[in-house]
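J.: Whatever this is, show me its structure:
(2 chains)
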Amino acid sequence: MKKWSEVALGVVTSIGGFLEVGSIATSTQGGAEFGYRLAWVLLLGILSLAFLMEMTGRLAAVSKRTYADLLRERFGYRFFLLPLVAVFVVSFLVLASEIGGVSIALQMATGISFSWWAIPVALLGWALLWRGTFGIVEKGTALLGLVAIVFAVGALKLHPAWPAVGHGLLPSAPSENRARYWYLAVSILGASISPYLYLFYSAGAIEDEWTIEHLGVNRVTAGLGNLFGGVLAVAALIAAALVLAPRGIRVDRYEQIAMVLASPLGRAGFVLFLATLCITCFGSTLEIVLAIAYMLAQGFGWAWSENLKPGKDARFAMSYTVVILLAAVPIAIGMNPLALTNVSMVATAASLPVTVIPLLVLMNDGDILLNHTNGWPSNIALVIIALLSVVLLLAALPLQLLGGG
Amino acid sequence: MHAFATRAGALLALGLTAVGCGSPPPLDKQLETLSSWTATMQLAREEHGAGAITTTYATQLRDGALSTLEETKQTIGQAAHSKVDSSYAAAALDSLRTAIRQLDAETGS
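T.: As a prediction, this is how the structure comes out:
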């Protein structure tokens, strides 16, 4: 019974935590500009993330060490600096975007400019991290994030042509505007497969004291949670394809996105959109700050746990304090949150090889995983994801230049 | 190796400069942006009329459209290379101005 409740909570947490500023922005931009044609990219991102989370969760449950710990131990400190710096930089950008997402939702609700909200949002996040526990951060915000289900309701209310949606799940490319199409594809993948997601998941498995007994919970959480969560991102794309695309509306500002729910669901849709943007971005803010602090603490060998009092892991607590306040600065000085989101999603996609490729070695190391090493289906999936990450690295900058405008 | 890195760096800087600070976006892109904001204003007017969105939010959308209008007014002339181009540009700017006025009338701003 306890196991089933853990599974249910894990799946619900993944659903509630799936949507965030990047997935909302890139899915609606994709739907507005290319209808359902980018739905397959979302599916690819969801599947890739599910595999990566299952593997990093398995690593943590079997070895009792986080993915970051194992990266440092197995490949040495010098190599570890590469993923440390890459993950720090891109996660910092995504963090600033998430703070921007919360701030823009508050701006839409109150009329007070987003730049005024950035520091209060960061301080509230910091206070929750300082006073709260891992359970509050992970499960509390994710359960509130279930409000994002409104995207599925909105999409259903718009009565999409399901055969056309199904067609969008098959890879295709448009005959024109290709640079923009592939730029959005890379952005969607960056939003779906952010390294902070599986680094946080891996650290969370240690915080929750997972053991080999939890491998089933891990598999179901990573698989079903991401699948159901991904459905919400697809729903956002569908809603944008049906509300914005027929009118020729491109998403140039976050403010335009609220229409995708206000149109089918009226005032309730508008209010729930603001709630979704605010809560999901705030939840992601907390997760990303923790993911960065975990990575630093695990890399430098500091004491770390969100369940400890800050005095017991002072350097870990200092890391998240400094990082969350610094990340509020770009938004506080008025940087465009949507432009920042797009750049950070592409940068995230480009950073993937340094955390994905080492997983190929770790997941086949019998000293670490005993008899829980990857089977051939997982290895094939991981090789495909690793190749995809290299393609994203090579394509990110040219596509940012050609299709980012 | 050093020379290659220097050349690659210079090329990258040149590319970024060209894209970031160079000529204005092509006319079709600017027309697309104007048309997108005109449609946004029309949708906002409909939804505000139906009570789906607040006046506070509609005003923010209007401000976004106004800022796009101002930006595009500065650059669209440089991208219009013929009389036909200029007439398209003027019509698109007019449409957006009209849509903004209509939204203002709807919200009472």
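J.: where are the low-confidence patches of chain B?
T.: Low-confidence segments of chain B (pLDDT under 70): B:1-22.
J.: interface residues of it facing chain A?
T.: Counting by CB under 8 Å from any CB of the partner chain, chain B comes close to chain A at B:15-16, B:19, B:25, B:29, B:32-33, B:35-37, B:39-40, B:42-44, B:47, B:50-54, B:56-57, B:59-61, B:64, B:68. The C-beta positions use only the backbone N, C-alpha and C, and glycine is treated the same way.
J.: Just the buried ones from the residues you listed?
T.: Among the residues of chain B next to chain A, those classed as buried by 16 or more other CB atoms under 10 Å in any protein chain shown are B:25, B:32-33, B:35-37, B:39-40, B:42-44, B:47, B:52-54, B:57, B:59-61, B:64, B:68.
J.: Setting aside sequence neighbours, what's the nearest residue to A:Gln298?
T.: For A:Gln298, ignoring the flanking residues on the chain, the nearest one in space by CB to CB, 6 or more residues apart in numbering or on different chains is A:Ala68 at 4.1 Å.
J.: The helix or strand containing that neighbour packs against which elements?
T.: Following DSSP states H and E, one finds A:Ala68 within helix A:67-75. Secondary-structure packing of helix A:67-75 (3 or more CB pairs under 8 Å, 6 or more residues apart in numbering or on different chains; DSSP states H and E): helix A:39-63, helix A:77-110, helix A:195-207, helix A:259-300, helix A:353-362.
J.: and of the ones you listed, who's closest to A:Ala142?
T.: Relative to A:Ala142, the nearest member of the helices and strands packed on helix A:67-75 by CB to CB is helix A:259-300, separated by 6.0 Å.
J.: which residues sit against whichever helix or strand comes after that closest one?
T.: Using DSSP H and E, the helix or strand that follows helix A:259-300 in sequence is helix A:314-332. Under the criterion CB atoms under 8 Å, 6 or more residues apart in numbering or on different chains, residues A:92, A:95-96, A:99-100, A:103, A:114-115, A:117-119, A:121-123, A:125-126, A:129-130, A:285, A:289-290, A:292-294, A:296-297, A:300, A:302-305, A:308, A:310-311, A:337, A:340 lie in contact with helix A:314-332.
J.: from these, which would you call buried?
T.: A:92, A:95-96, A:99-100, A:103, A:114-115, A:117-119, A:121-122, A:125-126, A:129, A:285, A:289-290, A:292-294, A:296-297, A:302, A:304-305, A:337, A:340.
J.: Close to chain B: what parts of the stretch 201-350 of chain A are there?
T.: A:243, A:247-250, A:252-253, A:255-256, A:258-259, A:262-263, A:265-267, A:269-270.
J.: give me that answer again for 7 Å
T.: By the rule CB under 7 Å from any CB of the partner chain, the part of the stretch 201-350 of chain A lying against chain B is A:247-250, A:252-253, A:255-256, A:258-259, A:262-263, A:266-267, A:270.
J.: Highest neighbour count among the residues you listed?
T.: Most neighbours among those, by other CB atoms under 10 Å in any protein chain shown: A:Met259, with 30 neighbours.
J.: Can you tell me how far A:Glu6 is from chain B?
T.: 40 Å (CB to the nearest CB, to the nearest Å).
J.: Contacts only, for that residue.
T.: Contacts here follow CB atoms under 7 Å, 6 or more residues apart in numbering or on different chains; on that basis A:Glu6 touches A:Val217.
J.: Is it in a helix, a strand, or coil?
T.: Assigned by DSSP: H, G, I helix; E, B strand; the rest coil, the conformation of A:Glu6 is helix.
J.: Need the helices and strands packed on helix A:67-75 in CSV (columns: distance to A:Leu369 and mean pLDDT).
T.: Converted to CSV, those look like this (distance: least, CB to CB, whole Å; pLDDT from 0 to 100):
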stretch, distance to A:Leu369, mean pLDDT
helix A:39-63, 5, 95
helix A:77-110, 19, 95
helix A:195-207, 13, 89
helix A:259-300, 18, 94
helix A:353-362, 8, 95
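J.: can you tell which of the ones you listed is closest to A:Arg180?
T.: Nearest of these to A:Arg180, taken as CB to CB: helix A:39-63 at 13.3 Å.
J.: Show me what that closest one is packed against.
T.: Contacts defined by 3 or more CB pairs under 7 Å, 6 or more residues apart in numbering or on different chains; DSSP states H and E place helix A:39-63 against helix A:67-75, helix A:162-168, helix A:178-192, helix A:195-207, helix A:215-220, helix A:226-243, helix A:366-369, helix A:376-403.
J.: Same list (these) but as a markdown table, adding distance to A:Leu360 and mean neighbour count.
T.: As requested, the helices and strands packed on helix A:39-63 are exported to a markdown table (distance: least, CB to CB, whole Å; neighbours: other CB atoms under 10 Å in any protein chain shown):
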| stretch | distance to A:Leu360 | mean neighbour count |
| --- | --- | --- |
| helix A:67-75 | 12 | 22 |
| helix A:162-168 | 31 | 14 |
| helix A:178-192 | 19 | 24 |
| helix A:195-207 | 14 | 26 |
| helix A:215-220 | 19 | 18 |
| helix A:226-243 | 20 | 26 |
| helix A:366-369 | 13 | 14 |
| helix A:376-403 | 6 | 16 |
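J.: out of those, which comes closest to B:Thr72?
T.: B:Thr72 sits nearest to helix A:178-192 of all the helices and strands packed on helix A:39-63, at 18.7 Å, using CB to CB.
J.: Can you name every helix or strand that the closest one contacts?
T.: helix A:21-34, helix A:39-63, helix A:337-351, helix A:376-403.
J.: show me the residues around residue 29 that make contact.
T.: No chain specified, so I'll use chain A. Listed by CB under 7 Å, 6+ apart, the contact partners of A:Gln29 are A:184, A:251.
J.: same thing with the one 4 residues further on?
T.: With CB under 7 Å, 6+ apart as the criterion, the residues that contact A:Glu33 are A:180, A:184, A:250.
J.: Isn't the residue nearest to A:Gln298 up against A:Tyr201?
T.: No - in this structure A:Ala68 lies outside contact range of A:Tyr201 using CB atoms under 7 Å: 11.8 Å.
J.: give me every residue that touches residue 78.
T.: Unless you meant another one, I'm taking chain A. By CB under 7 Å, 6+ apart, A:Arg78 has no neighbours at all.
J.: wrong one, chain B
T.: For B:Gln78, the contacting residues are B:Pro24, by CB under 7 Å, 6+ apart.
J.: next structured bit after the one helix or strand it maps to?
T.: Per DSSP H and E, B:Gln78 falls inside helix B:55-79. As assigned by DSSP H and E, the chain's next helix or strand after helix B:55-79 is helix B:83-107.
J.: A:Ser175 sits in which helix or strand?
T.: A:Ser175 belongs to no helix or strand, assigned by DSSP H and E.
J.: With adjacent residues omitted, what lies nearest to A:Leu123?
T.: Using CB to CB, 6+ apart, the closest residue to A:Leu123 is A:Leu325 (7.8 Å).
J.: Against A:Ser63, how distant is the one you found?
T.: 34 Å (CB to CB, to the nearest Å).
J.: ditto for A:Pro353
T.: The gap separating A:Pro353 from A:Ser63 is 23 Å, by CB to CB.
J.: One more: A:Gly168?
T.: Taken as CB to CB, the span from A:Gly168 to A:Ser63 is 40 Å.
J.: same question, A:Lys139
T.: Distance of A:Lys139 to A:Ser63, computed by CB to CB: 24 Å.
J.: And for A:Ala164?
T.: 45 Å.
J.: now A:Arg253
T.: For A:Arg253 relative to A:Ser63 (CB to CB), the value is 45 Å.
J.: re earlier: got CSV for the contacts of A:Glu33, with pLDDT too?
T.: What follows is these, written out as CSV (pLDDT from 0 to 100):
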residue, pLDDT
A:Arg180, 93
A:Leu184, 94
A:Arg250, 96
